[in-house]
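**Q** Take this sequence and fold it.
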Amino acid sequence: NIIDNGTAVSYTYAELMPNTEYSFRVRSKNANLTGAWSNIITKFTLLEKPQNITHRIEDKQVILTWDSVVGATSYTVYRNNEITAANLTDTTFTDSGLIETIEYTYEIKANNAVGNFSPKSEPLNISLPTTLEPTYITSDLTLYADTEYGDVYVQNNAKVDLNGYTLTVEGNLIDESGRI
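**A** Numbers count the residues shown, from 1 in each chain. Sure, this is the predicted structure:
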């Protein structure tokens, strides 16, 4: 197709297909003459960005999956704008060694063998939930609750080893001698 661009020195060709090769050349003209064609410039459009990114969390790991991109031969995963994994040939990635309550932002780019790539995917923000493991405390402690006043009573002067943890009671904690 020949497109007459008038006297403008630039042209934008819109609605291009992703991962498609296009060739262009230009020439000048005036009212009397038409110049020679320039050398042909051939370029590929960008790949489509990865879509439908999902995740699941298992044992402080984030497992990402996404739809494959037509023409892509590999993928690059970014965590917090840094490359976390490159040249992945599968549409699944497991990120491990993560810290609870920290928010991580993931983005993915598609790449192909000729150096073409996609824009980054839409960001996916993930925070690992806090998982507190139960701590079991052994003791000869007997507690009785006074539901009328909200107090908890310790019976028999029991010794409590909390293994470095704190026992929190809403109300008062009172042993039989009234010392706690």
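**Q** Would you mind listing the outside residues contacting the longest strand seen in the chain?
**A** Longest strand of the chain, by residue count under DSSP state E: strand 103-111. Around strand 103-111, the neighbours that count as contacts under C-beta atoms under 8 Å, 6 or more residues apart in numbering are 47-50, 53, 55, 62, 64, 66, 69, 71-81, 87, 95, 98, 117-128. For glycine as for every other residue, the C-beta is placed from the backbone atoms N, C-alpha and C.
**Q** and if you look at stretch 21-30?
**A** 13, 16, 34-45.
**Q** Would you mind measuring from the residue nearest to Thr20 when sequence neighbours are not counted to Thr101?
**A** Counting by C-beta to C-beta, 6 or more residues apart in numbering, Thr20 lies nearest to Thr45, which is 5.3 Å off, once chain neighbours are set aside. Distance, Thr45 to Thr101, using C-beta to C-beta, to the nearest Å: 41 Å.
**Q** what does Phe117 give?
**A** When distance is defined by C-beta to C-beta, Phe117 is 33 Å away from Thr101.
**Q** Which residue of those two possesses the greater neighbour count?
**A** Phe117 (19 against 8; other C-beta atoms under 10 Å).
**Q** so what's that one up against?
**A** Leu46, Leu47, Thr76, Lys109, Ala110, Asn111.
**Q** Need the max-distance pair from the residues you listed.
**A** Pairwise distances across the contacts of Phe117 peak at 13.7 Å for Leu46 and Thr76 (criterion: C-beta to C-beta).
**Q** Between those two, tell me which one has more neighbours.
**A** Relative neighbour count places Thr76 above the other of Leu46 and Thr76, with 20 against 15, counting by other C-beta under 10 Å.
**Q** Flag every buried residue along the helix or strand harbouring Ile63.
**A** Assessed by DSSP states H and E, Ile63 sits inside strand 61-65. For strand 61-65, a neighbour-count test (16 or more other C-beta atoms under 10 Å) marks Val62, Leu64 as buried.
**Q** contacts for it?
**A** Identification of contacts with strand 61-65 by C-beta under 8 Å, 6+ apart yields 53-57, 77, 91-96, 98, 104, 106, 108, 124, 126, 128.
**Q** roughly how far out does that strand sit from the chain middle?
**A** Taking C-alpha atoms, centre = their mean, to the nearest Å, the mean C-alpha location of strand 61-65 is offset from the chain mean by 9 Å.
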